[in-house]
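Asker: what's the 3D shape of this:
(2 chains)
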Amino acid sequence: MYRFGDTALMHPLWSDVQLHLPRVWRTVRAYERDRSAQEDLVQEILLAVWQGLPRLRDPARLPAYMLRIAHNLGASHVRQAVRSTDRSHLDQEAMESIADASSDPGEADTQWLLDALRLIPLPQRQVLLLQLEGFDYKEIAEMLGISTDNVGVRAHRARKALQEIHDGHQ
Amino acid sequence: MDINDDALRALWQRQQPPSGLADAMARKIQRHRRVEQVRRVIEVVLTVAGVALLTWPVADGQLSPGQWLLIPFFSAFLVASWSILLRQQTEQRIAAHEPVSVYASVRKLQLRNRLQHLKLAHISALALGGYALVSVIACHMFGAAEWQHAAHRLALWAIAWMAGTWWLVSRQRAAIRQEYRGIARLGANN
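Answerer: Residues are numbered from 1 along each chain as shown, chains lettered A, B, ... in the order given. Predicted coordinates:
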């Protein structure tokens, strides 16, 4: 079986990159619905990570570093989904998916969360996603390049939007 | 459904990627590395070939009419488009290492530059078309049959080049504007 880091050419931190791959994958899912497009975006993120690894001074910061790249490229990627499909159609599709989610109880909650997240504006969605990954306000502020107060405001708005979507779904 | 912090975090982190994703990504990264290496070799070979193509006849002291007419095409248009078209992905990956707010600023600048490059490519294609038209007229008025044939070949190249440029520019411009609007919203203080 092919494994990350098997080749001598790969950076020594590739095994750690593999460890944090689920975080990148989850983040990508909040930006893109289509499975093959998700893979393309993950690949693009990993290429950027790979190119930047030699400049990463502190390996402990790898998860934050990977997610920062994921959010940057995810934000740029949104336009590709929008380009191929009308925005209102996307929103309608997401709302229908939320409505149908209860038909499969096992994955319904996860699907509901993903669809709801995709409806939240990008600046607020990024803060919420980073919170869900376990980062605190200070870390999020550093990753996004904004103040901790601003993180708080965005987080509050994101939770409010999520609550409204949830209430509308009930 | 419970949407308190802990419940949401548990729900979110429960998601795990498909088992083959890491393997597939590793293969793709390795393939990308090989393609990049091949591309660098091709760039060097094309540059050397282009220089040889343009300097060889000059060194010999003999240039055919076709070579004279195609010099602007090969020396300016192809080189410019090569550098414009192939460099964009790398600069985006480099910018992506920055914090999101910095990325938003840098990326907006990159996208504005891309729009300028596309405009330049469009103008260059039109200029090449104009040059080809003038060549055809001038060669028909003053040139021998050999020059006229060379001018016709140049005109065909120019038409193909203009069509390709128009297709590429219109396709990329719409995508760039969409991304710009999305990134601009990121930079907004909300």
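
Asker: list the buried ones in stretch B:175-190?
Answerer: Residues B:175, B:176, B:178, B:179, B:180, B:182, B:183, B:186, B:187 are the ones in stretch B:175-190 that count as buried (16 or more other C-beta atoms under 10 Å in any protein chain shown). Heads up, the C-betas are built off the backbone N, CA and C, glycines and all.

Asker: wait, which of these is closest to residue B:62?
Answerer: residue B:176 (44.8 Å; C-beta to C-beta).

Asker: can you tell me the helix or strand for the closest one?
Answerer: Using DSSP states H and E, residue B:176 sits in helix B:145-187.

Asker: Compute the mean per-residue pLDDT across that helix, please.
Answerer: Helix B:145-187 carries an average pLDDT of 87.

Asker: what do you get for stretch B:25-37?
Answerer: Mean predicted confidence for stretch B:25-37 is 86.

Asker: Of the buried residues of stretch B:175-190, which are in range of chain A?
Answerer: B:175, B:178, B:179, B:182, B:183, B:186 (C-beta under 8 Å from any C-beta of the partner chain).

Asker: From residue A:35, how far out is the third one?
Answerer: For residue B:179, the distance to residue A:35 equals 22 Å [C-beta to C-beta, to the nearest Å].

Asker: Establish whether the helix or strand containing residue B:109 and chain A are in contact.
Answerer: In this structure, residue B:109 sits in helix B:100-142 according to DSSP H and E. Yes. Contact of helix B:100-142 with chain A (C-beta under 8 Å from any C-beta) involves B:100, B:101, B:102, B:103, B:104, B:107.

Asker: Switch these over to a markdown table, and while doing so, append neighbour count and pLDDT to every line.
Answerer: Output for the residues of helix B:100-142 next to chain A, formatted as a markdown table (neighbours: other C-beta atoms under 10 Å in any protein chain shown; pLDDT from 0 to 100):
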| residue | neighbour count | pLDDT |
| --- | --- | --- |
| B:100 | 26 | 90 |
| B:101 | 18 | 90 |
| B:102 | 16 | 91 |
| B:103 | 27 | 92 |
| B:104 | 26 | 92 |
| B:107 | 27 | 91 |
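
Asker: between these, which is nearest chain A?
Answerer: Chain A lies nearest to residue B:101 out of the residues of helix B:100-142 next to chain A, by C-beta to the nearest C-beta, at 3.4 Å.

Asker: Now that closest one. Nearest residue, chain neighbours left out?
Answerer: residue A:145 (3.4 Å; C-beta to C-beta, 6 or more residues apart in numbering or on different chains).
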